[in-house]
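Asks: Structure here, sequence nowhere to be found:
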């Protein structure tokens, strides 16, 4: 049995966050991926039936009409040559989202990009089936370079992107672009790592410590790796970072002989990266320059003379401002973990304390203090710590409750767990909707209707869920429920 913990979270006021823990078996995915490079020769007519240079939102697989993926073919695609391919996995099955984010880079560097519309956080078998279906279908339709197969994913999708290589009898993935999460907990990186890893994390991402720790581990292993940090929370990285990831993979492919050496490409990227480093240093942004040079040196080692920048790197590493920034980053991670642990301890005290009202008050005070820091407009160490800590604890309790619901366990515990999540993110409509479902399952119609009303006021718009979710069956005959449904339909 394999264990997989999948994380999905976004900004505190945005869509909900998830933390799943499932035990599953691999199923047919391993067998299909093991011999997929020998699958039928691509049929040109089938490949050419899709518009090149445009995102196709849904391609139904030959073998299973229930499986589909979004697709981007570069405008110069032709089946007479082989092309790199990037398999994308989003934690809530938004196949076209990553395909759109990578489409500009795919057009520029000649990659096929596909994103599963079925893979999502939840039972792993369903995602493995989606991997197998998309893998087999694309190998039948398109001319794929078997030496240049890449995977990417966000959060739980990042963990799946890593897992794909371990489903093959032989290594089948050249590189993984992991956004917002790293390796599944049951898979530990070890030397020699068979694929390159480009990590991406937002400054406010509560999984930032995980990506930083992974990057440090890969450095110790001597693996090809890089970590790009962007302004934002737990989310897909912006297009420019996606493009940087593809460019980095192009360099790695050149260094490993997976692609023909292109001196013009190397020179273009070299000039771009060295100009960035010099510009940052000239602007007095010493720590930022240090980070760029620290990545530049290993990236271009063996491709360009990096002696100048090796010397510069040694000098900057000893600079007071750089040493202080590196220490601050370590302290942020420690403080984030401590603040999150303090919140969880306060939550547990509410269960056992002689005065639970006092414990609840202390929890609300601690949350509000972090909220104040999280709302500060300017980026700061305090803001990053506050946002990461709040989002991390929110994810823990929100997903804990959803896990209970998936397993049809303890509606009362589900409700109290969601109440904690709702205290952290009171304006999140999805949390309020799930809280309404928990109350309804616990036979508390009054609280269920109040939470449902609040969810709609805060922006919940899923009429289908509202009218078909079995958790709400006990409310169907209530006049207030009917009025809420009609109100939602009218406002759509």
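Replies: That came in fine, so what should we check first? Predicted model, so just to flag it, every value in this text is computed and none were measured.

Asks: Helix or strand next in line after whichever strand or helix holds residue 446, which one?
Replies: In the assignment (DSSP states H and E), residue 446 maps to helix 445-457. Using DSSP H and E, the helix or strand that directly follows helix 445-457 along the chain is helix 463-468.

Asks: Okay, strands next: where are they in this protein?
Replies: Applying DSSP state E to the chain gives strands spanning 2-8, 18-24, 55-60, 68-72, 83-89, 112-116, 144-154, 175-179, 196-202, 225-230.

Asks: what residue is smack in the middle of the chain?
Replies: Centroid-nearest residue in the chain: residue 154, 1.9 Å away (criterion: C-alpha atoms, centre = their mean).

Asks: State the pLDDT value of the nearest residue to it once chain neighbours are set aside.
Replies: Nearest residue to residue 154, sequence neighbours excluded (C-beta to C-beta, 6 or more residues apart in numbering): residue 179, at 4.5 Å. (Each C-beta comes from the backbone N, C-alpha and C, glycine too.) Residue 179 carries a pLDDT score of 98 in this model.

Asks: In this structure residue 157 contacts residue 88, no?
Replies: Yes: using C-beta atoms under 8 Å, residue 157 makes contact with residue 88 at a distance of 7.5 Å.

Asks: I figured the residue nearest to the centre of the chain hits residue 90, correct?
Replies: Yes: between residue 154 and residue 90 there is a contact under C-beta under 8 Å: 5.9 Å.

Asks: anything in contact with each of the two?
Replies: 98, 236 (C-beta atoms under 8 Å, 6 or more residues apart in numbering).

Asks: Could you name the helices and strands sitting against the helix ranked longest in the chain?
Replies: Ranked by residue count under DSSP state H, the longest helix found in the chain is helix 320-352. With contacts defined as 3 or more C-beta pairs under 8 Å, 6 or more residues apart in numbering; DSSP states H and E, the packing partners of helix 320-352 are helix 208-221, helix 286-300, helix 356-374, helix 381-406.

Asks: how far does the third one sit from the chain's center?
Replies: Okay, so that is helix 356-374. 29 Å (C-alpha atoms, centre = their mean, to the nearest Å).

Asks: still on that earlier bit, show me the contact partners of the helix holding residue 446.
Replies: Helix 445-457 is contacted from outside by 415, 429-430, 432-433, 435-437, 439-440, 466, 472, 474-475, 478, 480-481, 484, 487-488, using C-beta under 8 Å, 6+ apart.

Asks: hey, where'd the helices end up in the stretch 51-200 of the chain?
Replies: 96-109, 124-141, 156-165 (DSSP state H, counting those that start in this stretch).

Asks: looking at these, which is closest to residue 80?
Replies: helix 124-141 (14.6 Å; C-beta to C-beta).

Asks: Now do the buried residues in stretch 189-199.
Replies: Within stretch 189-199, the residues that count as buried by 16 or more other C-beta atoms under 10 Å are 189, 193, 195-199.

Asks: Could you do stretch 382-391 as well?
Replies: Buried, per 16+ other C-beta under 10 Å, within stretch 382-391: 383-391.

Asks: of all these, which comes closest to residue 290?
Replies: Nearest to residue 290 among these: residue 384, at 18.8 Å, using C-beta to C-beta.

Asks: Let me see the contact set for that closest one.
Replies: 203-204, 208, 332, 336.

Asks: Would you mind measuring from residue 374 to residue 424?
Replies: Residue 374 sits 10 Å away from residue 424, going by C-beta to C-beta, to the nearest Å.

Asks: same question, residue 193
Replies: 37 Å.

Asks: cool, and residue 217?
Replies: To residue 424, residue 217 is 30 Å away according to C-beta to C-beta.

Asks: Number of residues surrounding residue 203?
Replies: The burial count assigned to residue 203 is 16, neighbours taken as other C-beta atoms under 10 Å.

Asks: re earlier: can you tell me which of the buried residues of stretch 382-391 lies nearest to residue 297?
Replies: Relative to residue 297, the closest of the buried residues of stretch 382-391 is residue 384; by C-beta to C-beta it sits at 26.8 Å.

Asks: show me where pLDDT drops low in the stretch 301-450 of the chain?
Replies: 353 (pLDDT under 70).

Asks: re earlier: just to check, the residue nearest to residue 154 is in contact with residue 233?
Replies: No: taking C-beta under 8 Å as the definition, residue 179 is not a contact partner of residue 233, at 11.8 Å.

Asks: And these two? Which one has more around it.
Replies: Neighbour count, other C-beta under 10 Å: between residue 179 and residue 233, residue 179 has more, with 32 against 23.

Asks: OK, contacts around the more buried one?
Replies: Counted by C-beta under 8 Å, 6+ apart, residue 179 has contacts 152-155, 157-158, 199-201, 236-237.

Asks: go again using 7 Å as the cut-off
Replies: Neighbour list for residue 179: 152-154, 158, 200, 236-237 [criterion: C-beta atoms under 7 Å, 6 or more residues apart in numbering].

Asks: and if you look at residue 82?
Replies: Applying C-beta under 7 Å, 6+ apart, the residues near residue 82 are 143-145.

Asks: returning to what we had before: more neighbours: which of residue 217 and residue 424?
Replies: Using other C-beta under 10 Å as the criterion, residue 217 and residue 424 rank with residue 424 on top: 22 against 17.

Asks: I'd like the distance between residue 490 and residue 60.
Replies: From residue 490 to residue 60 the distance is 34 Å (C-beta to C-beta).

Asks: contacts for stretch 466-483?
Replies: Contact with stretch 466-483 is made by 437, 440-441, 443, 445, 448-449, 485, 488, as judged by C-beta under 7 Å, 6+ apart.

Asks: and those residues, which are buried?
Replies: Neighbour counting by 16+ other C-beta under 10 Å classes 437, 440-441, 445, 448-449, 485, 488 among the contacts of stretch 466-483 as buried.

Asks: Next, give me the two most distant ones among the residues you listed.
Replies: Using C-beta to C-beta, the buried ones among the contacts of stretch 466-483 reach their maximum pairwise distance at 441 and 488, which is 20.7 Å.
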